[in-house]
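[1] Next come a sequence and a model predicted from it.
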Amino acid sequence: MDLTKNLTLPELPYGYEALEPAISGEIMRLHHQKHHQAYVTNFNKALHQLSAAVADGDTSAVVMLQSSLKFNGGGHINHSIFWKNLAPVSEGGGVPPKGRLGSAIDEQFGSLEALIQKMNTHGAALQGSGWWLALDKESKRISVETTANQDPIVTKGPTLVALLSIDVWEHAYYLQYKNVRPDYLKNIWNVMNWNYASAVYDKECPN
C-alpha cells in the first residue's frame, strides 16, 4: 500500500433525496458529507503519521496508530459498501433478488421474508456498527454476521465477502426515526439494492 496516497470520499450513485421516504435527504447528506468524510480525513491523517513513524523507525507510534487506521479505514470501507447497497425505488430499490442469490436465500433461510426477519432481529439488538449478509467464498454459503465499531466484514474471516450491509449507528437514522430503530430497519428494505448483492454473489461464487 502506498502510504502517501490519500483516500477520497466516493460520490453517491444517486441524489441525497432519492431514497425518501425510507431515508431522508437530510440524513443522507449528513451521513455522507460529515460522517463518511470524517472517516476519510482521519484515516489519511493516521496514514501520514504512520508513514513518518515507519521512516523514523518509531515502533511505538506504529503500534499506537493501528486502532485509528482500523476504525477509520473500516468506516470508509463499510460506508462505501453501504451506499452501493441502496437504490431509489425508481432504479430497482426494494425489488427482491432473483437468480442464483434468490435461490441460495430460499435454500438456506427458507424464504426472503425469513432472512429479513432474522436480519432485522439481529440489527435491532446489536450494540455496534452494523450487520451483514455475507458470502463465504470457500464454503459458498451465505450467513448473517454482525460487527462492532467499524470493523469490516473481513475481520470475521478472510474468506467472507459482504453482499449487503446495514449501518445501525444512530447517525444513520436518528434524525428521522429517533430511537425507534426497528422502523428504520423495516423501511430500509424498500430501497435495498439486491441487484448489487446479486452481482457480487455471481462474481465471488461462480458456477
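    Nice, I can see it. Residues are numbered from 1 along each chain as shown.
[2] Distance from the chain centre to stretch 52-70, please.
    Stretch 52-70 sits 27 Å away from the centroid of its parent chain (CA atoms, centre = their mean, to the nearest Å).
[3] end to end, how far does it reach?
    18 Å (CA to CA, to the nearest Å).
[4] Show residues contacting that stretch.
    L3, N42, F43, A46, L47, Q49, L50, Q150, D151 (CB atoms under 8 Å, 6 or more residues apart in numbering). Every residue, glycine included, has its C-beta placed from N, CA and C.
[5] Mind listing what's buried along whatever helix or strand the fourth one lives in?
    Applying DSSP states H and E as the criterion places A46 in helix 37-56. Taking 16 or more other CB atoms under 10 Å as the basis for neighbour counts, the residues of helix 37-56 that come out buried are Y39, V40, N42, F43, N44, A46, L47, Q49, L50, A53.
[6] Equivalent analysis for stretch 159-166, please.
    Result for stretch 159-166 [16+ other CB under 10 Å]: buried residues L160, V161, A162, L163, L164, S165, I166.
[7] repeat for stretch 146-162
    T146, T147, Q150, D151, P152, I153, K156, L160, V161, A162.
[8] Please apply the same query to stretch 19-26.
    Residues of stretch 19-26 classed as buried: L19, E20, A22, I23, S24 (neighbour count, 16+ other CB under 10 Å).
[9] Run a quick neighbour tally on V89.
    The local packing of V89 (other CB atoms under 10 Å) involves 15 other residues.
[10] State the distance from it to V40.
    The gap separating V89 from V40 is 29 Å, by CB to CB, to the nearest Å.
[11] coming back round to it: so which of the buried residues of stretch 146-162 are in strands?
    T146, T147, L160, V161, A162 (DSSP state E).
[12] Pick the one among the buried residues of stretch 159-166 closest to N78.
    Nearest to N78, judged by CB to CB, of the buried residues of stretch 159-166 is S165 at 6.1 Å.
[13] what helix or strand is W131 on?
    Going by DSSP H and E, W131 is in strand 130-136.
[14] Neighbours of T59, how many?
    Each residue near T59 was counted by other CB under 10 Å, and the total is 10.
[15] next one: the one 10 residues further on
    Other residues lying near L69 total 15 when counted by other CB under 10 Å.
[16] Which of the helices or strands spans it?
    Taking DSSP H and E as the criterion, L69 maps to helix 66-84.
[17] So what's the gap between that helix and the chain middle?
    In this view, helix 66-84 has its centroid 8 Å away from the chain centroid, taken as CA atoms, centre = their mean.
[18] for stretch 45-57, same thing?
    Here stretch 45-57 is found 28 Å from its chain centre; the criterion is CA atoms, centre = their mean.
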